[in-house]
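Chemist: Build me a structure from this.
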Amino acid sequence: MKSLDLQQLEYDLHFDPLQDHGSIVRRIDVATGDNHCARVSIDDHHFKHRIQQQLPSVIADVIDLAVAIHASDRLTIQDQWQRQIRLRVVLPVRHPEILNQSALNEQLSHLLEWATGKRWGFEFERRCQPGRSIENQALLCSSEPDVDEVSLWSGGLDALAGLYARLKQSPAKSFALFGTGSSDNTHKKQHDVFSALQNLFPDRLELCRVPIRFSQSNHLKKYPSRARGIVFMLLGSAYSYLRGLRVLHVYENGIGAINLPYRKSAVGLDHSRSVHPETLLGVGLLMSELIGDSFKVRNPFLFHTKAEMIKPLAEDAQIDLVSLTSSCDSPNRKPQQPTQCGYCSSCLLRKQAFAASQLADKTEYIVPHGNPPAENSKLYFESMLAQVAALRECLKPSNTAADPWQALTQRFPELNDIADRAHADENMALLQMRHQLIRLFHTCACEWHTAEQSLFEQFEHQTHSVLGIQELQDPIQQELLLR
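Modeler: As a prediction, the model looks like this:
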């Protein structure tokens, strides 16, 4: 018998055809035979905003596929031993002859394994039931796109800063924003940030939100789904296609999007690939295969740090809009505590952007404004500082005088893959993209010089005690205290 840490968990997930009122998904544990049912639904009536008279059936399949991925990922939580999970998803669709093609099926499975760490397999059956009401709703149609740009809308800081910059850069353009998710709090945040921007840029913005809902399930994890980026992009791509466009935009700073490993031996850190350049490439290629036409998912801010993204807000004295946004990976729901934790990687990158820009951050966080958490709240901070130290070592003058790219990719070899695979999609020569990535990480390292002391002091302020030099394991922290 295999030891527990090497055992593989295997689940079959059988979906009924997705209807207006939702559908049942049955999760079967292959090893034990345990059978659990949940109901999942999507409120997609907002897809009536489109230029086609009829909703294309292949786009209806994209919507159903996104819902199935979201439900399957959330219903198969990664356990404390981080055992490998294998999933077999059985889904009725309108075009099984397309989705069952081996090359496309393999491409989909590989993309999801890359993003989630789980092994995915799909079996697409022919859907016999009538479609949802949105599929049968005929609309007046136009042959021309009725909006200039469609972008994902999370209600987060990067989404706000990115959209603000795009609105300023292109005063004549109109923007349609697309949001999804299962949380009412997230939906409210999306609406509040949108409303604030709509007041500043009247008649240029639209908001479409298509929530996914669960019921009859006690197996949903409280942490974000690792597949959420792919789900979000598939639904956003469907919306962009319906609006007559073949590009979906994502606004995310390059440091957070690439999300390099913190340490070579990092353990217990959720390393998201939700908006990684290769994820964007994969979704674009998948959509291209499905619709039979070229489709792209683009991040215009891949070579910007978060501090650089918020600069236009600061220049226009609109930085207070940031207080409407949330960045936290695991928002707090307990009363009398700040919503955002202040110690996850996303909160820390948000704080770092403010500190590096020498702007006052009016956001309240558990660290340092609330009750100290029971777990090690410094885990991400120490790991991020270790990454910054590695970047500084790679980009120090003695290395950069020779070959900065070689020094950087010896420590972070994944950057070679990003440059090789994404430079054409970014309309750049390979050498140009390498230079842009070097500049990005050099800027990041310089910004941390300004920010790290203030962030370190926040942790010390909350514990009301200064650690002795001998207690510190990280040489960067020792250096900070000695300054």
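Chemist: Give me the pLDDT for Lys334.
Modeler: At Lys334, the model reports a pLDDT of 80.
Chemist: Got the phi and psi for the most centrally placed residue in the chain?
Modeler: Central residue of the chain (CA atoms, centre = their mean): Ser274, 3.6 Å from the mean position. Per-residue torsions, Ser274: phi -60, psi -40 (degrees, to the nearest 10).
Chemist: cool, and Ser23?
Modeler: Per-residue torsions, Ser23: phi -150, psi 160 (degrees, to the nearest 10).
Chemist: Hmm, it is touching Asp16, no?
Modeler: Yes - contact between Ser23 and Asp16 holds when scored by CB atoms under 8 Å: they sit 4.1 Å apart. Backbone N, C-alpha and C define where each C-beta goes, glycine included.
Chemist: Look at the two and report which has more neighbours.
Modeler: Ser23 (21 against 17; other CB atoms under 10 Å).
Chemist: partner residues bridging that one?
Modeler: Listed by DSSP bridges, the beta-bridge partners for Ser23 are Val40.
Chemist: which residues does it contact?
Modeler: If you count contacts by CB atoms under 8 Å, 6 or more residues apart in numbering, Ser23 has them with 15-17, 39-41.
Chemist: Just name the closest of those residues to Ser346, please.
Modeler: Val40 (26.5 Å; CB to CB).
Chemist: Might one say that that closest one is in contact with Arg27?
Modeler: No - under the criterion of CB under 8 Å, Val40 makes no contact with Arg27, lying 11.1 Å away.
Chemist: Who has more neighbours out of these two?
Modeler: Val40 (25 against 20).
Chemist: This structure - how does it break down into domains?
Modeler: Annotated domains of the chain cover 4-157+161-298, 331-482 [automatic domain parsing].
Chemist: Quick one: those domains as JSON lines, columns for distance to Leu313 too.
Modeler: Formatted as JSON lines, these follow (distance: least, CB to CB, whole Å):
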{"stretch": "domain 4-157+161-298", "distance to Leu313": "6"}
{"stretch": "domain 331-482", "distance to Leu313": "9"}
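Chemist: By mean pLDDT, show me the worst of these.
Modeler: When the domains of the chain are compared by mean pLDDT, domain 331-482 comes last with a mean of 85.
Chemist: how far does stretch 90-105 stretch from start to finish?
Modeler: Terminal residues of stretch 90-105 are spaced 13 Å apart (CA to CA, to the nearest Å).
Chemist: Ok, stretch 324-338 next?
Modeler: End-to-end distance for stretch 324-338, by CA to CA: 13 Å.
Chemist: now swap in stretch 247-261 and tell me
Modeler: 29 Å.
Chemist: roughly how far out does it sit from the chain middle?
Modeler: Distance of stretch 247-261 from its chain centroid, counting by CA atoms, centre = their mean, to the nearest Å, is 8 Å.
Chemist: cool, stretch 368-384 as well?
Modeler: Per CA atoms, centre = their mean, the centroid offset for stretch 368-384 relative to its chain is 22 Å.
Chemist: Tell me the buried residues in it?
Modeler: 368, 370, 377-384 (16 or more other CB atoms under 10 Å).
Chemist: And stretch 117-124, by the same measure?
Modeler: Applying a neighbour-count criterion of 16+ other CB under 10 Å, one finds 118, 120, 122, 124 buried in stretch 117-124.
Chemist: And the last one, which helix or strand is it part of?
Modeler: Using DSSP states H and E, the secondary-structure element containing Phe124 is strand 119-126.
Chemist: Run through who's touching that strand.
Modeler: By CB under 8 Å, 6+ apart, strand 119-126 touches 72, 84-94, 96, 99-100, 105, 108-109, 112-113.
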